[in-house]
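# Based on what follows, work out the 3D shape:
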Amino acid sequence: MDLAHYKIILAYNGSAFAGYQRQANERTVQGELEAALQRLSWQGGSVRSAGRTDAGVHARGQVVSFKLNWEHSAEDLRNALNYYLPFDMAVQSVVKVPEDFHPRFDAIKRHYRYNVICQEVRDPIREVFAWRVWPELVVERMNAAAQNLIGVHDFSAFGSPTSDGGSTIRELFSARWLVEADEARFDISANAFLYHMVRRIVFVLVAIGQGDYPPDLISQSLEGREMPITGLAPAQGLVLEEVIY
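Below you'll find the predicted structure:
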């Protein structure tokens, strides 16, 4: 059997998923993708991914790889997978990759975006993909605080390792808020992220932006490796935008 190694870019609306990783008796992104592959005579045990998004988190650029005996074009494979995938998932592209490609370990940068709307009254439409906050945010305070995140740090105050005994040291390349009307967008990129790290950072920065805490809370927490406030930004505002190799 002539197996080729394929890399796909996968987009999904995470609202109705119990996360990316396959779970017994739960609807997951991995489970749906592997079910679609099985319709194409895939016999692998498990696909590989760049990371595992939480329940409710979305993706435009999740990267997954698998080996498959496929006698048609990569475009045909994309179309065949999308035929079998549910409406809230879609393969954006398919390419062949070397045998030793690994979507997680070969990645050098991951880019997430978090969406916030500043509005006093709830918005049933936009809140599907954003966190509504009130009172309004002072974005200058948030960006000043976010600059302290840049560089190599021990981020244990902002998340937990993704494996038992794993390192909490990460390199953060960029972190910036942009505002348009009543919408605020936070773009953040790093070599990798801890469990819940982005949502914790957003929660803290929003608290700073609303004046509840000073901007130097970030630097103090990095130095002390402890965060005096607890909480996570809701999952629905977070999108895995891109993984860079």
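# Show residues contacting the worst-scoring helix or strand of the chain on mean pLDDT.
Least confident helix or strand, the chain: helix 217-224 with a mean of 94, by mean pLDDT, DSSP states H and E. Residues external to helix 217-224 that are found in contact with it (CB atoms under 8 Å, 6 or more residues apart in numbering): 145-146, 148-149, 153-155, 157-158, 204-205, 208, 227-229. For every residue, glycine as well, the C-beta is placed using N, CA and C.
# Please parse this structure into its domains.
The record's domain parsing of the chain by automatic domain parsing lists 4-96, 109-244.
# right, so of the ones you listed, which gets closest to residue 103?
Taking CB to CB, domain 4-96 is the member of the domains of the chain nearest to residue 103, at 4.3 Å.
# Quote the end-to-end distance of that closest one.
Separation of the first and last residues of domain 4-96 by CA to CA, to the nearest Å is 7 Å.
# can you give me the helices for the chain?
Applying DSSP state H to the chain gives helices spanning 29-38, 74-84, 139-146, 197-209, 217-224.
# What angle do helix 197-209 and the last one make with each other?
Read that as helix 217-224. 130 degrees (axes from the mean of the first three to the mean of the last three CA atoms, to 10 degrees).
# Just give me how far helix 217-224 sits from the chain centre.
Taking CA atoms, centre = their mean, to the nearest Å, one finds the center of helix 217-224 at 24 Å from the center of the full chain.
# circling back: relative to residue 102, which of the domains of the chain is closest?
Nearest of the domains of the chain (CB to CB): domain 4-96, 6.3 Å.
# Nearest spatial neighbour of residue 59, chain-adjacent residues omitted?
Counting by CB to CB, 6 or more residues apart in numbering, residue 240 is the residue found nearest to residue 59 once chain neighbours are left out, at 4.1 Å.
# Over to residue 233?
Among residues not flanking residue 233 along the chain, residue 202 sits closest, at 3.9 Å (CB to CB, 6+ apart).
# What is the neighbour count of residue 87?
By other CB atoms under 10 Å, the residues close to residue 87 number 7.
# Just put the helices of the chain in CSV and tack on mean neighbour count.
Listed next are the helices of the chain as CSV, based on neighbours: other CB atoms under 10 Å:
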stretch, mean neighbour count
helix 29-38, 20
helix 74-84, 15
helix 139-146, 19
helix 197-209, 25
helix 217-224, 18
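# Format these as JSON lines; extra columns: distance to residue 126.
Listed next are these as JSON lines, based on distance: least, CB to CB, whole Å:
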{"stretch": "helix 29-38", "distance to residue 126": "23"}
{"stretch": "helix 74-84", "distance to residue 126": "27"}
{"stretch": "helix 139-146", "distance to residue 126": "18"}
{"stretch": "helix 197-209", "distance to residue 126": "16"}
{"stretch": "helix 217-224", "distance to residue 126": "27"}
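# could I have the least confident helix or strand of the chain exported to CSV, CA atoms only?
Taking Å, rounded to 0.1, in the frame of the first residue of the first chain, the C-alpha atoms of helix 217-224 are listed here in CSV:
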residue,chain,number,x,y,z
LEU,A,217,0.6,43.6,37.2
ILE,A,218,2.0,41.7,34.2
SER,A,219,5.7,42.3,34.9
GLN,A,220,5.1,41.6,38.6
SER,A,221,3.4,38.3,37.9
LEU,A,222,6.1,37.2,35.5
GLU,A,223,8.8,38.0,38.1
GLY,A,224,6.9,36.4,41.1
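# Fine by me, thanks again.
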